[in-house]
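**Student:** The following block contains a protein sequence and its predicted model.
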Amino acid sequence: MPPSAEQHTVAAGLFYPLIETVKHWGVTPEQLLGPFGLGVSDISEPHARLPYSLHLAILDRARMLADEPALGIFWGLQIRASVFGYLGFATTSAATLRDAIELAVEFAPLASTGDGMRLRVDGNQASIFLDENAGTGTLRDVITLARLVSLWRIGETITGREIQASAEVAFPEPVYFARFSHLAPSVRFDRPATRALLSAEALDYRLVSADPMALRLAADQCARELLSLSGAGRLARTVRDLLWKTEGGLRSPAEVASAMHMSPRTLRRKLESQGQSLTAMLDGERRDRALSLLASPQLSLVQISERLGYRNVQSFERAFRRWTGTTPAAHRRS
């Protein structure tokens, strides 16, 4: 089970675009925030953070008041890089889209400790995997679609170029999506993982507001803010960074524990206290890597199996069927 939403926090700045979004349905900030004892002034502080559980409650009320199930799409269209404070300042000051994404990945907890991101590049395809560190319940579609749409729109804004992107989502298609699909990138539902997909070439797009000095100042501030956050999810993020060896291949649980200067038993206990499992994390990394590698037609299933650390193709096929319900070959054809 994911860690409780009570363990996580979210940047209050994310509520500004939500407030602007629900105004289109005649919902005032007072109507949205009042029942929670909040006003606009409470979320105006640059470093203000709110419990993730409160974030979910406000989102649920926003959807109810607007009476629009597709709220996540409209919210995502309103989100700008600036709502993330110094993180937004850093990403818009980077040299290339790749640099901006890597900054967003590194400092993702500044936006929300309940959500994470990972960039994977294999051949001509880049994947931005979206992790869910906290349970979101019935709001999963709202949050996921908002994240995907905002990534796409922010990417086009900071590069000044059209980005041909698509997405895969790990839940069934909502009944409302077809009505508003023209407002979002092409999305395929009921996939093994949630990720944004774009060409690797797009990662080299130059940013229109690149500024090396501004980037240095903003990144330094982001690093300081990250240190000041609570420990929720920090251990899992550190472990995830250690899963892959520098020379390629996944570390064993014992190797990960050794790199953390812990015994395997201690690391397992600490992760379990945060609702995490090292075995599940390793399994998830293999799954995500497999999805990326299968998009490279020049790689055979034997080569992919070897890169993922399986003894043979049959072992890889069994694992892939467990993850997705289909075979690697069938997935590649689709």
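**Tutor:** Structure received.

**Student:** so who does the nearest residue to residue 116 once chain neighbours are set aside touch?
**Tutor:** Leaving aside its chain neighbours, residue 116 sits nearest to residue 131 (3.6 Å; criterion: CB to CB, 6 or more residues apart in numbering). C-beta: built from backbone N, CA, C; applies to glycine. Residues near residue 131 by CB atoms under 8 Å, 6 or more residues apart in numbering: 115, 116, 117, 118.

**Student:** repeat for residue 43
**Tutor:** By CB under 8 Å, 6+ apart, the residues touching residue 43 are 12, 13, 15, 16, 33, 50.

**Student:** Distance check, it against residue 160.
**Tutor:** As judged by CB to CB, to the nearest Å, residue 43 and residue 160 stand 30 Å apart.

**Student:** What score does the closest residue to residue 13 other than its chain neighbours have for pLDDT?
**Tutor:** Among residues not flanking residue 13 along the chain, residue 83 sits closest, at 4.2 Å (CB to CB, 6+ apart). We have a pLDDT of 91 for residue 83.

**Student:** heads up, I number from 585, so please use that
**Tutor:** In the new count, where the first residue is 585, that last one comes out as residue 667.

**Student:** hang on, residue 667 in a helix?
**Tutor:** Yes. Membership of residue 667 in a helix is supported by DSSP: H, G, I helix; E, B strand; the rest coil.

**Student:** How about the secondary structure of the residue nearest the centre of the chain?
**Tutor:** Geometric centre of the chain, nearest residue: residue 714, 2.8 Å, by CA atoms, centre = their mean. Recorded secondary structure, residue 714: strand (three-state DSSP).

**Student:** so how many other residues sit close to the residue lying closest to it once chain neighbours are set aside?
**Tutor:** Distances taken as CB to CB, 6+ apart place residue 778 nearest to residue 714, at 4.7 Å, with adjacent residues excluded. Using other CB atoms under 10 Å, residue 778 has 21 neighbouring residues.

**Student:** May I have the residues that are in contact with residue 778?
**Tutor:** 713, 714, 716, 728, 732, 751, 752, 753, 754.

**Student:** got the residue ranges for the helices in the stretch 635-784 of the chain?
**Tutor:** 636-650, 655-662, 670-677, 681-690, 692-695, 724-743, 761-764 (DSSP state H, counting those that start in this stretch).

**Student:** can you list those in CSV and add mean pLDDT?
**Tutor:** Below are the helices of the stretch 635-784 of the chain laid out as CSV (pLDDT from 0 to 100):
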stretch, mean pLDDT
helix 636-650, 95
helix 655-662, 96
helix 670-677, 95
helix 681-690, 95
helix 692-695, 92
helix 724-743, 96
helix 761-764, 92
